[in-house]
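K.L.:
Build the 3D model from these lines:
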Amino acid sequence: MGPDEPSGRRGRRGRRWWVAPLRVASAVLRRTAAIVALLAAWELLPRWGVVDRVFLPPFSEVIKEWWALFNSGDLWAHTQASLQRTGAGFALAVAIALPLGLLIGWFRTVAEILSPLLELFRNTAALALLPVFVLILGLGEASKIGIVTYACVWPILLNTISGVQNVDPLLIKSARSMGLSSPRLFQKVILPAAVPTVFTGIRLAGSFAIVVLIAAELVGAKAGLGYLINYAQSNFAIEEMYAGIITISVIGLGINHLLLAVERRFSRWRVTPDA
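P.N.:
You can find the predicted model right below:
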């Protein structure tokens with residue numbers, strides 16, 4: 001508008017420019033406040049003598065060691081080894097558990113046959129079977145990838161079965177009343193409705209993959225973040241140990257965000273509360 005625009009309206013428009021940055025800053029503050037508080041406590045408590053800095057060095061010293069490991073290339077070598085094992089085990093778990101879960105969830109006869117076997121193995125912790133995997137597959141890569149695969153299969157499998165079996169019956173009845181065949185019903189109704197539950201299992205599996213692999217790398221590994229942490233602890237290189245732990249945390253966070261992005265890509269049909 002021109003010069004005749006009321007001064008009150010021009011003033012309100014002039015004040016609006018800071019609203020969007022303020023909202024962004026507020027959102028960032030809410031999301032990072034707890035982490036900033038944790039890092040501040042990590043930095044200050046050892047310096048104030050509240051905790052023994054021999055066993056918990058200040059955060060700045062840990063980051064300095066992390067940067068030294070990064071510049072030397074050692075950190076990337078260990079991270080690459082762990083990511084390769086995690087990726088291989090996770091991919092195998094998805095390839096096995098997803099189709100098997102869809103099959104069990106859709107066909108009641110298959111579920112009745114396999115349910116006793118599933119109940120037996122689902123309650124057996126993956127790490128309890130680590131010695132078995134080592135005995136059968138040896139101390140090499142196969143046993144580590146195998147234990148990751150075993151740990152990841154169960155959350156994906158069980159959530160996929162639950163997602164298929166718990167689709168709203170009204171949706172199925174409506175689709176059948178429209179004359180959809182069973183394959184089309186499965187493709188157009190069952191699969192989309194089960195996606196959120198399936199991805200919950202996939203994200204859980206992503207977390208399990210890191211945790212189980214780190215434990216597996218404590219046995220017979222010559223590279224990997226688990227090996228780095230164990231080696232540093234054994235040699236009392238405490239800053240190096242915490243550097244490995246921080247790297248694992250960041251990788252786990254990154255995997256979770258990546259899987260959330262993939263889930264949103266496959267769940268575009270869902271109506272969000274803000275829509």
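K.L.:
which residue packs closest to residue 248, ignoring adjacent ones?
P.N.:
Among residues not flanking residue 248 along the chain, residue 225 sits closest, at 5.4 Å (Cβ to Cβ, 6 or more residues apart in numbering). Backbone N, C-alpha and C define where each C-beta goes, glycine included.
K.L.:
Give me the residue ranges of this structure where confidence is low.
P.N.:
1-19, 27-28, 267-275 (pLDDT under 70).
K.L.:
can you point me to the longest helix in it?
P.N.:
helix 74-106 (DSSP state H).
K.L.:
tell me what it is packed against?
P.N.:
helix 59-72, helix 108-122, helix 141-165, helix 191-216, helix 225-234, helix 238-266 (3 or more Cβ pairs under 8 Å, 6 or more residues apart in numbering; DSSP states H and E).
K.L.:
what does the shortest one rub up against?
P.N.:
Translated: helix 225-234. 74-75, 78-79, 81-82, 213-218, 221, 237-238, 240-241, 243-245, 247-248, 251 (Cβ atoms under 8 Å, 6 or more residues apart in numbering).
K.L.:
How about the second one?
P.N.:
Residues lying outside helix 108-122 but in contact with it, judged by Cβ under 8 Å, 6+ apart, are 103, 104, 105, 154, 157, 158, 161.
K.L.:
list the buried ones in the next helix or strand after that helix?
P.N.:
For helix 108-122, the following helix or strand on the C-terminal side (DSSP states H and E) is helix 130-137. By neighbour count on 16 or more other Cβ atoms under 10 Å, the buried set for helix 130-137 is 130, 133, 134.
K.L.:
Likewise for stretch 213-229?
P.N.:
Applying 16+ other Cβ under 10 Å to stretch 213-229 flags 213-217, 219, 221, 223-229 as buried.
K.L.:
Out of these, the closest to residue 43 would be?
P.N.:
residue 229 (21.2 Å; Cβ to Cβ).
K.L.:
From the buried residues of stretch 213-229, pick the one nearest residue 37.
P.N.:
Among those, and counting by Cβ to Cβ, the member closest to residue 37 is residue 229, at 24.9 Å.
K.L.:
ok, back up a step: which among the buried residues of stretch 213-229 gets closest to residue 255?
P.N.:
Distances from residue 255 to these, taken by Cβ to Cβ, are shortest for residue 213, at 11.7 Å.
K.L.:
Distance-wise, check that closest one relative to residue 257.
P.N.:
19 Å (Cβ to Cβ, to the nearest Å).
K.L.:
Repeat that for residue 100.
P.N.:
From residue 100 to residue 257 the distance is 27 Å (Cβ to Cβ).
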